[in-house]
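1. Fold the following for me, if possible:
(4 chains)
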There are 2 protein chains.
Amino acid sequence: MEYKTEQEFLKSYNPDDYDRMAVVNDILLLSISNVEKENYRKLDEKCFSILLVKRDTFPFKDKWCLPGGFLNVKLGLEENARDILARETNLHNIFLEQLYTFGAVNRDPRMRVVSTAYMALIDKNQLKEQLNKNAEWFNIKMQETGDLITVQLNSSKQDLNFVVQKILKESTTDKYEYKIVENDYLAFDHPEIIIAGIDRFRNKILYTDIVFNIMPPIFTLSELQQVFEIALNKKLLVTAFRRIVADKVVKTKQIQTGGGHRPSVMYKYEKS
Amino acid sequence: MEYKTEQEFLKSYNPDDYDRMAVVNDILLLSISNVEKENYRKLDEKCFSILLVKRDTFPFKDKWCLPGGFLNVKLGLEENARDILARETNLHNIFLEQLYTFGAVNRDPRMRVVSTAYMALIDKNQLKEQLNKNAEWFNIKMQETGDLITVQLNSSKQDLNFVVQKILKESTTDKYEYKIVENDYLAFDHPEIIIAGIDRFRNKILYTDIVFNIMPPIFTLSELQQVFEIALNKKLLVTAFRRIVADKVVKTKQIQTGGGHRPSVMYKYEKS
DNA sequence: TGAATAGTGTCTGTGAGACAATATTAT
DNA sequence: ATAATATTGTCTCACAGACACTATTCA
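-> Residues are numbered from 1 along each chain as shown, chains lettered A, B, ... in the order given. Take a look at the predicted model:
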């Protein structure tokens, strides 16, 4: 069939002539938790935490998953992700970055579903609004042994864990694929999304200002250093660390006391 | 309606209850061209080049676009991208990296289409196979003035150009959006994809080994430096450059002569 | 008072920038 | 011989790693 004009062509175009697929957004909501220490002098330990939602419908009923939802045909991709986030958490205007698009053939048992995952960063302590009743924050502990990554997720309600294998993609030197080796609690391929997101955060913390999206408006340099340390998974020397962030933060007049030791000056982020 | 088991739920699940959308892959095929110099002693200049295809069907009939196609429901996302590439270029086993997923509401006049763009790197001089008759390599010249990026595409058949505006995304310090300001020749939002791909290559050239995917198997260090210089859009000092790549390349026994000057040793890539 | 963190000073070695010097070729 | 690029040497300066030292708090 031949068309003379674009209008004519579009008029006769029928989407139903093609295979059915769906597009969804899944959102990795990343924050920092404090794990309180017994000793009043010691600093709280910190760790990453993520928001998971317990599914009360099929598929994967009773398993946990990232907040997500189908793409509304009237919304742009990121707009749709923000919409989902607002529904699940009542959060607005937060940092959102497209992470990766997952499109394995059988990642969803219902039909062919392509998921564009987003990473959102917040300081969950600022979160005043009530969470959805099925939503829950989980603290993350990760352990890497060889090419296996073991992840433990702890919350007041339940503890979950999974294991993924990190595989260097063929013909690359810096791209990894994550294959799920063990996973009894999470729905879909969400373990992969979680790992990919934490990896992205880790990779960007040194050469961007991404970290300040996960921090409160004002913070001490020790707190900031702790976040760097859990992201990079190693201890940093104080001097070196302060040099890294020196031109990204400015002193405020506030001081944090109460720790049984010299109080710290609080800083805020300032673009250089 | 209540379901007892996942099987029962899936059996009654009807994809047609939801809005129609399509998923496509578009592929930015990036290579390097030599622009020959008049003086036999001088080095050839190099520039990026990309493969575009002239559309012979609606929509955007007679405009140029990136090689792309609908997602086959039986293929994974990357697998589908490789399939498209094989169809358009007869190329197999080449470097392919997911670039970004574009999902603006009206990016395709036919229906809601989400495009996961991939970046492919090759040395097009190695390309022995015949290209599709509508496909053509275009040399790229980019110029940045303020927040405007002017792009000129030259081929033996036709010259194209477009202008995009680079906009820092709100609440970020390192993410840009590209708004098309002027574009008479390219279909869809493909100017954005082109810019995003070149940007990705530029950003990764310093901290990954991505560049070797666009190089021939053996090359001189001057050639490699030229590629760095067009990617980074600045001259590099020889000494500094050689230090950067020193642990990524090894000498071969081959020597390149014929340039009216001291011949160069040819090197090959070796993972460090 | 002492255990703990906050914050600053400084030495040293590495590595990037800058530039100079030498090598080799085709015309 | 000359114009061009190829390749190596080396000086300097900035900066990161390492570590020491001082400051300050509260049970």
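2. Low-confidence regions, the stretch 1-150 of chain A specifically.
-> By pLDDT under 70, the low-scoring segments of the stretch 1-150 of chain A are A:1-2, A:9-10, A:12-18.
3. need the residues of it near DNA strand D, please.
-> A:Tyr40 (Cβ under 7 Å from any atom of the strand). For every residue, glycine as well, the C-beta is placed using N, CA and C.
4. near DNA strand C, which residues of the stretch 1-150 of chain A show up?
-> Residues of the stretch 1-150 of chain A lying near DNA strand C (Cβ under 7 Å from any atom of the strand): A:39, A:41-43.
5. Please report which of the residues you listed has the highest neighbour count.
-> A:Leu43 (14 neighbours; other Cβ atoms under 10 Å in any protein chain shown).
6. I'd assumed A:Val35 was in contact with that residue.
-> No: under the criterion of Cβ atoms under 8 Å, A:Leu43 is not in contact with A:Val35, lying 10.4 Å apart.
7. Surely A:Val151 is in a strand?
-> Yes: when DSSP: H, G, I helix; E, B strand; the rest coil is applied, A:Val151 is found to be in a strand.
8. what bridges to it?
-> As for beta bridges, A:Val151 partners with A:Met142, A:Phe162 under DSSP bridges.
9. so how far is DNA strand C from the nearest residue to A:Lys169 once chain neighbours are set aside?
-> Distances taken as Cβ to Cβ, 6 or more residues apart in numbering or on different chains place A:Lys175 nearest to A:Lys169, at 4.3 Å, with adjacent residues excluded. Applying Cβ to the nearest atom of the strand, to the nearest Å, the value for A:Lys175 to DNA strand C is 24 Å.
10. what ranges do the strands span in the stretch 1-150 of chain A?
-> For the stretch 1-150 of chain A, the strands defined by DSSP state E, counting those that start in this stretch occupy A:22-35, A:45-54, A:64-65, A:68-70, A:95-102, A:113-121, A:135-145, A:148-154.
11. Now render these as CSV, adding mean neighbour count.
-> As requested, these are exported to CSV (neighbours: other Cβ atoms under 10 Å in any protein chain shown):
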stretch, mean neighbour count
strand A:22-35, 22
strand A:45-54, 20
strand A:64-65, 20
strand A:68-70, 18
strand A:95-102, 21
strand A:113-121, 25
strand A:135-145, 16
strand A:148-154, 18
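12. Adding distance to B:Glu229, write these out as JSON lines.
-> As requested, these are arranged in JSON lines below (distance: least, Cβ to Cβ, whole Å):
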{"stretch": "strand A:22-35", "distance to B:Glu229": "37"}
{"stretch": "strand A:45-54", "distance to B:Glu229": "40"}
{"stretch": "strand A:64-65", "distance to B:Glu229": "47"}
{"stretch": "strand A:68-70", "distance to B:Glu229": "43"}
{"stretch": "strand A:95-102", "distance to B:Glu229": "30"}
{"stretch": "strand A:113-121", "distance to B:Glu229": "33"}
{"stretch": "strand A:135-145", "distance to B:Glu229": "37"}
{"stretch": "strand A:148-154", "distance to B:Glu229": "38"}
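13. picking that back up, present the residues of the stretch 1-150 of chain A next to DNA strand C as TSV; the columns should include distance to chain B.
-> Shown next, in TSV, are those (distance: Cβ to the nearest Cβ, whole Å):
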residue	distance to chain B
A:Asn39	37
A:Arg41	36
A:Lys42	33
A:Leu43	28
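14. ok, which pair from those residues is furthest apart?
-> Greatest spacing in those, by Cβ to Cβ: A:Asn39 and A:Leu43 (9.6 Å).
15. Show me how the record splits chain A into domains.
-> A:22-138+A:189-204, A:210-269 (automatic domain parsing).
16. most packed of the ones you listed?
-> With neighbours taken as mean count of other Cβ atoms under 10 Å in any protein chain shown, the domains of chain A reach their highest mean count in domain A:22-138+A:189-204, at a mean of 18.
17. now that domain, how far from the centre of its chain.
-> 6 Å (Cα atoms, centre = their mean, to the nearest Å).
18. For that domain, measure first residue to last.
-> With Cα to Cα, to the nearest Å as the measure, the ends of domain A:22-138+A:189-204 fall 30 Å from one another.
19. what's the answer for stretch A:214-226, then?
-> 12 Å.
20. Next: stretch A:147-161.
-> Termini of stretch A:147-161 sit 17 Å apart (Cα to Cα).
21. Show residues contacting that stretch.
-> With Cβ atoms under 8 Å, 6 or more residues apart in numbering or on different chains as the test, stretch A:147-161 has contacts from A:50, A:52, A:64, A:136-144, A:162-167, A:178, A:181-182, A:184-186, A:191, A:194-195.
22. all strands of the stretch 151-272 of chain A, in order?
-> A:159-168, A:176-183, A:218-220, A:249-256, A:264-269.
23. Using JSON lines, please lay out those together with mean pLDDT and distance to B:Gly260.
-> Shown next, in JSON lines, are the strands of the stretch 151-272 of chain A (pLDDT from 0 to 100; distance: least, Cβ to Cβ, whole Å):
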{"stretch": "strand A:159-168", "mean pLDDT": "96", "distance to B:Gly260": "43"}
{"stretch": "strand A:176-183", "mean pLDDT": "94", "distance to B:Gly260": "46"}
{"stretch": "strand A:218-220", "mean pLDDT": "97", "distance to B:Gly260": "61"}
{"stretch": "strand A:249-256", "mean pLDDT": "96", "distance to B:Gly260": "55"}
{"stretch": "strand A:264-269", "mean pLDDT": "97", "distance to B:Gly260": "55"}
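24. Could you dump the ones you listed into a markdown table with distance to B:Phe70 added?
-> Formatted as a markdown table, these follow (distance: least, Cβ to Cβ, whole Å):
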| stretch | distance to B:Phe70 |
| --- | --- |
| strand A:159-168 | 28 |
| strand A:176-183 | 24 |
| strand A:218-220 | 48 |
| strand A:249-256 | 48 |
| strand A:264-269 | 44 |
